[in-house]
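A.B. asks: coords please:
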Amino acid sequence: MSPTAATSLPASRVPDPREAPALRWGVVGTGWIAERFVAALQRLTVQEVVAVGSRSEASAREFAGRFGLTHAHGSYESLVADPDVDVVYVATPHNRHRPHALLALEAGKHVLVEKPIALNAAEAREIADAAAARGLFCAEALWSLFTPKFDVVRQVLDSGLLGDISSVVADNGEWFAPDHRIQRHDLAGGPLLDLGTYPLALTHWVLGSSTDVLARGTDAPSGVNGQVGALLGFEGGARAVVHTSILANTPVALTIAGSEGSLEVPGVFYRPGPFSVVLTDGTRLDYDETAIAYDALAHQAAEVARRVLAGDTETPVRPLADSIATMALIDAVRAQIGQVWDEER
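C.D. replies: Predicted structure coming up:
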């Protein structure tokens, strides 16, 4: 697309999630993201959430009753063994993603793993290898990339409308109370896995793998890492500035800048909503959509259903190689700030 010929932005190619064929889903975990995932599927898709698994039968029964699910399992092992489940959504804390993804794959279930896919790149490779060995579908639920907004962003990037990309600036900061789980060492707390996955994954999505990383961190009063600022270098001289924090609320905006124009995504950049392209000649192209927030989790489930029914084991929207690359980038940032997860000690 020539910048001088641009008069509008492309339309999204993402199908209506209601059009995806139905799979029977089992959910591992009963927390905040599991609630939103199930609610989104029930509101916006024909997917069938039939079962939930928890560490306790009481928790599973409460969750199942709230959402009208048929099966409540008092263990994760029982959930993945359920013959009525086609695909498992892993929604447990970060440090349980690897064992629960492997548990589901070993039981012969297709898997969608909540982001981040694992604690580090080695764990992510282990999950990918296990899925490949069994011929099962597996993907990381980085939900933003499955939405119509980011499909349009991808088309803008692929068209060359922005020219040569020289910089990405991405931020994701949110204040959390001292008693929140993100403040806990034993749950891989701090901003990197929770919040930092978004700007770091999006930076890789735009610029590819980083060639050098310079990062600095600040501890939170709880003792976990509280915030990180990173300067990333890429082949050809492109740079990215990434910031993430649990110490304060920040703009949560994304800028992708090139020789012919810039793409500006205001906060909260990873949710459905608007963005603008401003070309160097002053032309402004605006995109907008209904800000449905976490109901947009429906798009990733619909993509999983389409791929599984087609016999695919991955999705091009979020290939496992990209998930592994994001974890490798987070590993490089952690090495700079001395962040080691409890499971790695």
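
A.B. asks: name the helices or strands packed onto the helix or strand harbouring residue 36?
C.D. replies: Using DSSP states H and E, residue 36 sits in helix 32-44. Packing partners of helix 32-44 (3 or more CB pairs under 8 Å, 6 or more residues apart in numbering; DSSP states H and E): strand 24-28, strand 48-53, helix 57-67, helix 297-310. Yep, even glycine has a C-beta here, placed from its N, CA and C like the rest.

A.B. asks: Reformat the ones you listed as a markdown table; add mean neighbour count, mean pLDDT and distance to residue 238.
C.D. replies: Shown next, in a markdown table, are the helices and strands packed on helix 32-44 (neighbours: other CB atoms under 10 Å; pLDDT from 0 to 100; distance: least, CB to CB, whole Å):
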| stretch | mean neighbour count | mean pLDDT | distance to residue 238 |
| --- | --- | --- | --- |
| strand 24-28 | 26 | 98 | 38 |
| strand 48-53 | 24 | 98 | 42 |
| helix 57-67 | 17 | 98 | 45 |
| helix 297-310 | 22 | 98 | 28 |
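
A.B. asks: which residues does the spatially closest residue to residue 293 that is not a sequence neighbour contact?
C.D. replies: Closest residue to residue 293 apart from its sequence neighbours, by CB to CB, 6 or more residues apart in numbering: residue 271 at 5.7 Å. By CB atoms under 8 Å, 6 or more residues apart in numbering, the residues touching residue 271 are 144, 291, 293-294, 296.

A.B. asks: If you go by neighbour count, which of those residues are buried?
C.D. replies: Buried positions within the contacts of residue 271, assessed by neighbour count (16 or more other CB atoms under 10 Å), are 144, 294, 296.

A.B. asks: quick one: contacts for the last one?
C.D. replies: Pointing back at residue 296 there. 40, 143, 146-147, 271-272.

A.B. asks: So it versus residue 290, what's the distance?
C.D. replies: Taking CB to CB, to the nearest Å as the measure, residue 296 and residue 290 are separated by 9 Å.

A.B. asks: And for residue 225?
C.D. replies: Plainly put, residue 225 is 35 Å away from residue 290 if you go by CB to CB.

A.B. asks: Same drill for these two, tell me which one is more crowded.
C.D. replies: Counted by other CB atoms under 10 Å, residue 225 and residue 290 do not tie: residue 225 has more neighbours, with 25 against 10.

A.B. asks: Please give me every residue in contact with the more buried one.
C.D. replies: 189-192, 217-219, 337, 339.

A.B. asks: one more time with 7 Å
C.D. replies: Counting by CB atoms under 7 Å, 6 or more residues apart in numbering, residue 225 touches 190-192, 217, 219, 337, 339.

A.B. asks: Quick one, which of the residues you listed are buried?
C.D. replies: So, of those, 190-192, 217, 337, 339 end up buried under the neighbour-count rule (16+ other CB under 10 Å).

A.B. asks: Out of these, which sit inside strands?
C.D. replies: Secondary structure from DSSP state E places residue 217 of the buried ones among the contacts of residue 225 in strands.

A.B. asks: That'll do, ta.
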